[in-house]
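Visitor: Build me a model from this:
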Amino acid sequence: MSTHAVPFEKYHGTGNDFLVVDADTQSVRDRAAFARAHCDRETGVTGDSFDEPDDEHDDGSGRRGADGVLFLSIETRFDPTRVVMTLVQPDGSTATMCGNGARVVARWAHDQTGEHEFMIDTQAGTRHASVNADATAATIEMGVPTFDPRRVPVARDDPLIDEPVEGLRVTALNTGVPHAVSFVDGGRDDTDDPDRIDAIDLDAVARPVRHADIFPEGANVNLASVVDDGSGDGPAVIDQRTFERGVEGETRSCGTGAVAVVAAARRLGLIDGESATSRPPGGELEITVPDAGHATLTGPVAHEFTGTLPADPR
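Guide: Below is the predicted model:
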C-alpha cells in the first residue's frame, strides 16, 4: 500500500530525544501508529538512514527510535509567537506536558522563525519559553508543582509525602504530569556504594510504583540522590533517574521529573534555596522552584538530523 512521506526533524534535550513534525504542513492520519512505529528503540528511525547528520549530533542520543513525536503548529500572529504542542509517546498515548519536549519546541520554533521567545500551548496550560543567543539552550516555564492529591492524582484525601509504595518511599506530585519521587543515599559518583543510584535496577523497582493502585492515572517514577544540599556557595546538586509513563522505560532525561525531584527535595527539607542542578544520565538541567510562582527548567538542546518517514508505517 502506498503512503506519502512525512518530513521530520530529530532534536534532543539532554538526551531526551524527539521527532518533530510540522502539523501545519504535514498530515498524519494515525499519530499513535506513527509514534509507535518510528519511536521504537529496536526498529524505529535511525540517523544512519539519512545523509549529513547535524554537527550537534554529539551526545550519543543518536539512538534508534525516540522518546516521542512532537506535532507542532506555529501561530505567528501572536506576540510572542505561539506554538501548539502535541506530544505522542512511544506507546501511542498523548502526554499533557513534557519539559524537555517543550524546550525542543522552543529550539525548533527558533529555527523556523529566528525568534527567541515563545508561548507554548500544552495540554497542561500555556508556558513561556525562550532560547539563548546562540540557541544552544532553552528555558521553559513549568507551572507550579502541586502535591494536592486531587491534582496529582492519588487515590486518597491527603498528600502522599515520603510514604511506602510498592517497596519505595515515595513523594507524589504533579509538575504537568504525575510523578513519584524516591530519594536514595548513594549518588552517581559514590562508586563504592552498592546501593548508589546507578546500581539500582530502575525497571524492577519503578514498574510496580508506576502501576500502583494509589496512582489512578499511573505515574512517572524518579530515583534521586542529593549530592550537595546547597548550603554552601552554589546551588544544590541532585542525581536523577526517571522511568517514564508512556515510554515505559528509563529515559536519558526527564524535565518534568527534574522539577518534581527538586520540588520534593524542598518539601522534605533535603536542600537549601530554590535553585538546584539535576543530573540525569543525559546531562545537567538547571531548575528553580520558588516559594511562590512558576518553576523553570533550563538546559541544552540540539538538532540531530532531518529526514522523511512513511505517514502510514503499516
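Visitor: drop to CA atoms for contacts and neighbour counts, all remaining ones
Guide: Will do.
Visitor: So for stretch 135-144, what gets flagged as buried?
Guide: Within stretch 135-144, the residues that count as buried by 16 or more other C-alpha atoms under 10 Å are Ala135, Ala137, Ala138, Thr139, Ile140, Glu141, Met142, Gly143, Val144.
Visitor: Tell me which stretches of the stretch 101-250 of the chain form strands.
Guide: Under the criterion DSSP state E, counting those that start in this stretch, the stretch 101-250 of the chain contains strands at 117-122, 125-131, 137-141, 163-165, 168-174, 178-183, 220-228, 236-244, 249-251.
Visitor: which stretch among those comes nearest Gly282?
Guide: Nearest to Gly282 among those is strand 249-251 (8.5 Å), distances taken as C-alpha to C-alpha.
Visitor: And the closest residue to Ala95 other than its chain neighbours, its phi and psi?
Guide: Distances taken as C-alpha to C-alpha, 6 or more residues apart in numbering place Leu87 nearest to Ala95, at 5.7 Å, with adjacent residues excluded. With angles defined as degrees, to the nearest 10, Leu87 shows backbone torsions of phi -110, psi 120.
Visitor: same question for stretch 165-185, mean pLDDT?
Guide: In this model, stretch 165-185 has an average pLDDT of 97.
Visitor: what does stretch 213-226 give?
Guide: 98.
Visitor: Identify each buried residue in that stretch, please.
Guide: For stretch 213-226, by 16+ other C-alpha under 10 Å, it's Ile214, Phe215, Glu217, Gly218, Ala219, Asn220, Val221, Asn222, Leu223, Ala224, Ser225, Val226.
Visitor: looking at it, the second one is touching Ala155, isn't it?
Guide: Yes - the pair Phe215 and Ala155 passes the contact test of C-alpha atoms under 8 Å, sitting 6.3 Å apart.
Visitor: Low-confidence stretches in the stretch 1-150 of the chain?
Guide: For the stretch 1-150 of the chain, the stretches flagged by pLDDT under 70 are 1-3, 49-62.
Visitor: Thanks a lot, see you next time.
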